[in-house]
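**Student:** Mind looking at a prediction? Sequence and model below.
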Amino acid sequence: MNKRLFSSTVMLLLATPFCYASGYTLAVANHIIVVLVIIVIVLIVMGCYGIHYNKIISQRNEQLRRILTALDEYRALVTDDSLSPIVQKEAMPKDVDQSFFVKMDARVNKERPFTNPDFDHFALVQFMEVTNEMFCKLVPRYADPKRTLDYINSLRSEYAAKILMEHPDYSLSDIAIQCGFRDTASFNKAFKFSFGITPNDYLSGISQMFKKKER
C-alpha cells in the first residue's frame, strides 16, 4: 500500500510537466491531474482504513487471547472426577445442573473428543455417561441437538484459535481437520460465529502482535 501511494504521488507531481511536455491542451492536462488526485485520495483513504482495521483486529485478538487464557485457568480449577451418581436421580439439587455443565465443559476441553468430526449431541451424551433424557434435564439449553452442535463447534473454534496462536504457519485446512471440522468452509463459519472474525483476520492480528514484540 505504501509503495503504491508513493508511486501515485510521484506520478501526480510529474503529471503537470509531463502533460505540457507532451503537448496536451490545458483542459486535457487538468483532467489527467484530477484523475491522479482522486487515485491518490482513494489510496490514502484505503491506507488509513487498513491501519485502523488492523488495529481493531489486533486489539480483538489480544482480548480473545486473554479470554482463552482465563478459560483455561478456570477449567484447570475444576476437577475431572467422575460425576456423582446424584445426577442419575430425578430429584436433584438446584445447583447440580450448573455443576454438571462446568465439569462437562472442563472434561471435554481436556480430553478433546470433539476432534472427531462425528462427535455430536448424542456422542456428547454418551461421553458424559448419562441418558439423553437426563442430559436434557441437566443442560436444558442443549436439549436441541443443533444448539449442542453449536456448542461443540465453539469448542473446536477455541481449540483452533489456540493452535493458530502457537503455530501461525499451519494451513487453515489442516487446522480445520485437526479440530474436528469436516472442511474449511464449516471451520470459517463456526470461527466467525464464535469470535466475530474469520480465521484469516485472526491470523493477520497475530502477525501484527508478533511484529510488535520483535520491535
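**Tutor:** Received it, and whenever you're ready, just let me know what you need. Residues are numbered from 1 along each chain as shown.
**Student:** check contacts around the closest residue to Asn116 other than its chain neighbours.
**Tutor:** Using Cβ to Cβ, 6 or more residues apart in numbering and skipping residues adjacent in sequence, the residue nearest Asn116 is Gly180, 6.0 Å away. Where C-beta positions appear, they are placed from N, C-alpha and C, glycine not excepted. Contacts for Gly180 (Cβ atoms under 8 Å, 6 or more residues apart in numbering) come out as Phe114, Thr115, Asn116, Pro117, Phe119, Ile152, Arg156.
**Student:** Quick one: those as JSON lines, columns for pLDDT and secondary structure too.
**Tutor:** Output for the contacts of Gly180, formatted as JSON lines (pLDDT from 0 to 100; DSSP: H, G, I helix; E, B strand; the rest coil):
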{"residue": "Phe114", "pLDDT": "97", "secondary structure": "helix"}
{"residue": "Thr115", "pLDDT": "97", "secondary structure": "helix"}
{"residue": "Asn116", "pLDDT": "97", "secondary structure": "coil"}
{"residue": "Pro117", "pLDDT": "96", "secondary structure": "coil"}
{"residue": "Phe119", "pLDDT": "97", "secondary structure": "coil"}
{"residue": "Ile152", "pLDDT": "96", "secondary structure": "helix"}
{"residue": "Arg156", "pLDDT": "95", "secondary structure": "helix"}
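**Student:** Dump those to TSV, plus distance to Ile197.
**Tutor:** Compiled in TSV, the contacts of Gly180 are given as follows (distance: Cβ to Cβ, whole Å):
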residue	distance to Ile197
Phe114	21
Thr115	22
Asn116	26
Pro117	23
Phe119	25
Ile152	20
Arg156	16
